[in-house]
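>>> sequence and predicted structure, then a few things I'm wondering about:
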Amino acid sequence: MLERAAAGDAEAQYLAGLLFQLGERVPQDFATARGWFAKAAGQGHAEAQDSLGVMAALGQGQPRDRAEAARWFEAAAAQGYVPAQANLAALLIRGAGVEADPPRALALYTAAAEAGHANAQYRLAQLLQDGEVVAADLDAAVRWYQAAAEAGHPLAQRALGLLYQEGSGVAVDPARAAALFRAAADAGEVNAMNDLGLAYQRGFGVDQDLRQAVPLFRQAAEAGVAEAQLNLGFLYEHGEGVEQDLAEARRWYGAAANQGDPRGQYNLAVLLALDAGGEQDIALAVKLYRAAAASGYAPAQNNLGVLYERGVGVPVDDLRAVELYKAAAAQEHVDAIANMARHYASGVGVEEDDARAIAMYRQVMHRDNGTAAYNLGRMLERGEGIAGPDPEGAVAAYRVGAEAGKDSAQFRLGLALIYGRGTPRDDAAGMAWLERAARQGHAGAQVNLGGAYMAGRGGAPDPAAAAKWYRAAADNGDPMAQFSLAALYDAGQGVPRDPQQALAWYRRAADQGLPQAMFNLGDMYRQGIGVEADPVEAFVWWWRAAAAGLAPARGNLQLLARQLTPAQIEAGEARARRFQPISE
């Protein structure tokens with residue numbers, strides 16, 4: 001062949017150029033390849049002219065020169081060489097090396113597509129789908145994607161799969177979409193591997209199977225597909241299809257972040273801020289949130305706003321927090337809208353505007369975790385931003401939050417039902433909502449549920465059930481629950497009478513500054529119940545209760561003072577004055 005090429009055979013010269021361009025049976029040598037292509041092109045060989053255009057466009061053996069590429073493509077296209085028509089169209093559509101000419105590009109793509117050129121069919125379908133160069137025509141786009149896909153074009157297979165997945169221009173067909181993704185993935189199209197992985201993750205068009213999704217995500221992620229890196233990171237973060245590994249989640253989120261993907265930056269920042277999967281690094285979290293926020297990523301804008309509001313990793317700056325919340329809220333980010341509502345209600349970082357706060361809470365009350373509905377309920381209950389208290393509206397808002405699982409909304413709804421505020425009284429329903437909040441650890445609900453059982457709401461009094469819920473809140477440091485539990489031990493209601501347990505729980509509540517607990521603790525020291533009688537200790541606790549405003553303590557204190565020496569009174573007062581409540 002080289003002899004024929006040397007003898008001037010144009011086809012042989014073209015084939016020689018291909019050998020050196022591709023490095024087949026000879027060392028790859030772009031300069032030599034260009035030389036043979038040039039000889040054949042000089043004789044009008046269209047394939048050689050197109051090959052010279054490709055080499056110029058790619059910068060093979062020479063600096064990249066799209067103008068030269070366009071000239072060679074033009075020469076080959078003029079002879080009707082279909083690949084050159086498609087290549088020239090690609091330059092004309094972008095104005096690369098030539099003046100942009102979309103109509104001519106469209107005509108060239110159409111000619112090449114009609115001649116069966118799969119890539120031209122794919123590119124033409126893209127133009128018809130996007131509608132930026134020509135009027136959008138999804139029906140025509142589908143036909144050309146279909147033609148290219150049937151010819152084995154992996155990008156067209158993926159694009160058509162996305163249309164079937166979304167129901168755009170065709171009826172939604174999950175199975176067809178998955179089949180197209182598989183065909184493209186089998187051909188090595190890494191984005192289709194990610195798409196197929198998502199289909200397995202969601203059970204879309206295939207049986208849900210995370211074990212199938214993981215290797216597909218991994219292959220695409222290792223090829224640098226940011227979306228797959230995010231998906232693989234998510235599986236490691238949540239332990240789905242793989243053993244939970246937050247360090248691996250960090251690694252894959254970091255890979256996406258390093259490509260400038262704001263979702264990767266955000267997800268990695270969340271793990272860094274939470275000390276998950278490695279050492280906590282607030283400074284790096286802030287940096288990543290800033291980068292993602294600067295890209296307009298609403299979740300990052302919101303979280304960065306939270307950091308500025310709380311002064312975590314950055315100085316407290318309510319104005320900056322509000323600025324970030326506003327940017328995220330403008331994108332309909334639910335948490336950011338709720339955060340802005342909270343700021344309008346408080347007037348921190350922005351002029352107070354209760355009416356606007358109410359409107360924003362209403363906007364998202366059905367879309368978040370119940371917090372907005374709860375906050376709306378509190379404002380309506382207090383009559384903030386409206387003409388006066390609206391207990392009925394408050395109950396409606398609390399119900400939305402309660403059904404979303406918000407414990408504080410469940411608590412308020414329970415109280416409203418028990419006391420008939422804004423709704424007909426219903427002890428059974430009220431206690432049910434209190435119990436749902438109590439089971440989530442809401443101390444107020446636990447205490448009030450205990451009180452409801454003691455009062456016999458919805459049935460006979462049940463001191464044992466009351467003791468259960470008082471203890472739940474008491475163990476978590478609630479002083480009123482500690483006092484109530486102590487009273488049950490003191491009286492032997494619902495629990496065996498145990499003065500020492502009563503004394504211990506009264507003291508925990510008293511140490512937190514609860515006047516009623518101080519009074520009862522003083523009484524136990526006065527009478528020697530559960531402890532050796534100590535009138536001075538009783539004096540100390542009654543003095544503290546009286547100082548906290550408990551009237552009965554003042555009378556007891558006066559009577560007890562008559563039985564103490566001046567020195568005992570002086571010592572008792574000195575001790576009492578040094579008291580500082582300590583919260584648990």
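Sure thing, it's come through.
>>> from residue 332, how far off is the residue most central in space within the chain?
Geometric centre of the chain, nearest residue: residue 299, 6.7 Å, by Cα atoms, centre = their mean. For residue 299, the distance to residue 332 equals 12 Å [Cβ to Cβ, to the nearest Å]. Bear in mind the C-beta positions are built from the backbone N, C-alpha and C, glycine included.
>>> mutual contacts of these two, please.
Taking Cβ atoms under 8 Å, 6 or more residues apart in numbering as the contact rule, residue 299 and residue 332 touch no residue in common.
>>> in the host helix or strand of residue 372, what's buried?
Per DSSP states H and E: residue 372 is located in helix 371-382. Across helix 371-382, burial judged by 16 or more other Cβ atoms under 10 Å covers 371, 372, 373, 374, 375, 376, 377, 378, 379, 380, 381.
>>> what helix or strand does the closest residue to the third one other than its chain neighbours sit in?
Okay, so that is residue 373. In space, and not counting its chain neighbours, residue 373 is closest to residue 401: 3.4 Å by Cβ to Cβ, 6 or more residues apart in numbering. For residue 401, the element it lies in under DSSP H and E is helix 391-403.
>>> from the contact counts, what lies against that helix?
helix 371-382, helix 407-419 (3 or more Cβ pairs under 8 Å, 6 or more residues apart in numbering; DSSP states H and E).
>>> now distance to residue 43 too, for these, in JSON lines please.
Listed next are these as JSON lines, based on distance: least, Cβ to Cβ, whole Å:
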{"stretch": "helix 371-382", "distance to residue 43": "76"}
{"stretch": "helix 407-419", "distance to residue 43": "83"}
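>>> now tabulate these in JSON lines and tack on mean pLDDT.
What follows is the helices and strands packed on helix 391-403, written out as JSON lines (pLDDT from 0 to 100):
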{"stretch": "helix 371-382", "mean pLDDT": "97"}
{"stretch": "helix 407-419", "mean pLDDT": "97"}
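>>> which one of those helices lies closest to residue 324?
Evaluated with Cβ to Cβ, the helices and strands packed on helix 391-403 place helix 371-382 nearest to residue 324, the distance being 18.3 Å.
>>> ok, residue 506 touching residue 519?
No: at 9.1 Å, residue 506 and residue 519 do not qualify as touching, with contact defined as Cβ atoms under 8 Å.
>>> ok, those two, which is more surrounded?
Taking neighbours as other Cβ atoms under 10 Å, residue 506 and residue 519 compare with residue 506 leading, 30 against 22.
>>> next, the more buried one: phi, psi?
Dihedral angles phi and psi of residue 506 (degrees, to the nearest 10) take the values phi -60, psi -40.
>>> same question for residue 9.
Taking degrees, to the nearest 10 as the convention, residue 9 sits at phi -70, psi 120.
>>> roughly how far apart are it and residue 3?
The value you get for residue 9 to residue 3, if Cβ to Cβ is used, is 9 Å.
>>> could you give the mean pLDDT of the host helix or strand of residue 163?
Here residue 163, judged by DSSP H and E, is contained in helix 154-166. For helix 154-166, the mean per-residue pLDDT is 97.
>>> and the next helix or strand past it?
Sequence-wise, the next helix or strand downstream of helix 154-166 (DSSP H and E) is helix 174-186.
>>> buried set for that following helix?
Neighbour-count burial for helix 174-186, counted by 16+ other Cβ under 10 Å, picks out 174, 176, 177, 178, 179, 180, 181, 182, 183, 184, 185.
>>> hang on, isn't the second one packed against residue 199?
Read that as residue 176. No: with contact defined as Cβ under 8 Å, residue 176 does not count as touching residue 199 (11.3 Å).
>>> overlap in contacts, the two.
residue 205.
>>> out of residue 9 and residue 3, which sits in the busier spot?
Neighbour tally, residue 9 and residue 3, criterion other Cβ under 10 Å: the higher count belongs to residue 9, 17 against 8.
>>> show me what contacts that one?
Neighbouring residues of residue 9 by Cβ under 8 Å, 6+ apart: there are none.
>>> ok, now how distant is it from residue 550?
Taking Cβ to Cβ, one finds residue 9 at 113 Å from residue 550.
>>> again with residue 264
58 Å.
>>> ok, these two, which is more surrounded?
Between residue 264 and residue 550, counting by other Cβ under 10 Å, residue 264 is the more crowded of the two (24 against 17).
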